[in-house]
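A.B. asks: generate a structure from the sequence data that follows.
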Amino acid sequence: MNVSAAAHHPGFLSPTGVEITFVLVGLATLGAALLTVTTRQLVHAALWLVVALGGLAIEYLLLTAEFIAWVQVLIYVGSVVVLLLFGLMLTKAPIGRSPDADSENRWVAFAVAAAAAVTLVWVVADAFRSSWINLHGTVQGSSRATGASLFRHWVLPFEALSVLLLAALVGAIVLSRRDPVADQAAAASAPRTGGKEN
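C.D. replies: Model (predicted):
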């Protein structure tokens, strides 16, 4: 049974067009993710994050999970990134290169990220070593099947995400508010230049 199933699938030695596209989009997504965490311009980091999240949405589409792909676009690209950009504008973050965007712990962060990536790849490869995804079927990744499972068992995480986004937006608004007493004191201490000199 397993021998016939293995013979039916071409494997890695004869990849299909979908698998080649999946690898190419994955490499582009990885490059965008690296640029997101290495650039020193906050706005550029947010834009590269859009590219990385869009690449993940394309990967979901290639895996026939169109519901998750559109959720990725609508929630992450359309909401989270827009919220980040609004937070940058409301908090008056620097638009150009910022030395504060760099950290001295880059090698520690790189080691932790590499260890997490290796662990994640190993766990996924070990769990799905003998599993095959039918890229021509539309049952498992369809909107009906995924929506029924998602909103039946994962309603609480969705609601928690909405509360988290609301809290982030309220925090950005609070940080952007000016203190009227401090503004009046600064205006009073500023020298007047509107009068004429004799």
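A.B. asks: output the lowest mean pLDDT helix or strand found in this protein.
C.D. replies: helix 2-8 (a mean of 47; mean pLDDT, DSSP states H and E).
A.B. asks: quick one: name whatever helix or strand follows it.
C.D. replies: Past helix 2-8, further along toward the C-terminus, the next helix or strand under DSSP states H and E is helix 17-38.
A.B. asks: neighbouring contacts of that next one?
C.D. replies: Helix 17-38 is contacted by residues 15, 44-45, 48-49, 51-52, 55-56, 58-59, 62-63, 135 when judged by Cβ atoms under 8 Å, 6 or more residues apart in numbering. (C-beta placed from N, C-alpha, C; glycine too.)
A.B. asks: let's see that with 10 Å instead.
C.D. replies: 10, 12, 15-16, 44-59, 61-64, 101-102, 106, 109-110, 113, 117, 135-136 (Cβ atoms under 10 Å, 6 or more residues apart in numbering).
A.B. asks: repeat for stretch 152-171
C.D. replies: Here stretch 152-171 has contacts from 71, 75, 79, 80, 83, 84, 86, 87, 90, 91, 150, 151, using Cβ under 10 Å, 6+ apart.
A.B. asks: show me these that map onto helices.
C.D. replies: When DSSP state H is applied, the contacts of stretch 152-171 are split such that 71, 83, 84, 86, 87, 90, 150, 151 fall in helices.
A.B. asks: my guess is the third one contacts residue 49, does it?
C.D. replies: Yes. Residue 84 sits in contact with residue 49 when judged by Cβ atoms under 10 Å, with a separation of 7.5 Å.
A.B. asks: shaky segments in the protein?
C.D. replies: Applying pLDDT under 70 to the chain flags residues 1-14, 91-103, 132-143, 176-198.
A.B. asks: what's the PyMOL line that selects buried ones from the contacts of stretch 152-171?
C.D. replies: Selection of buried members from those for PyMOL, criterion 16 or more other Cβ atoms under 10 Å:
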select buried, resi 71+80+84+87+90+150
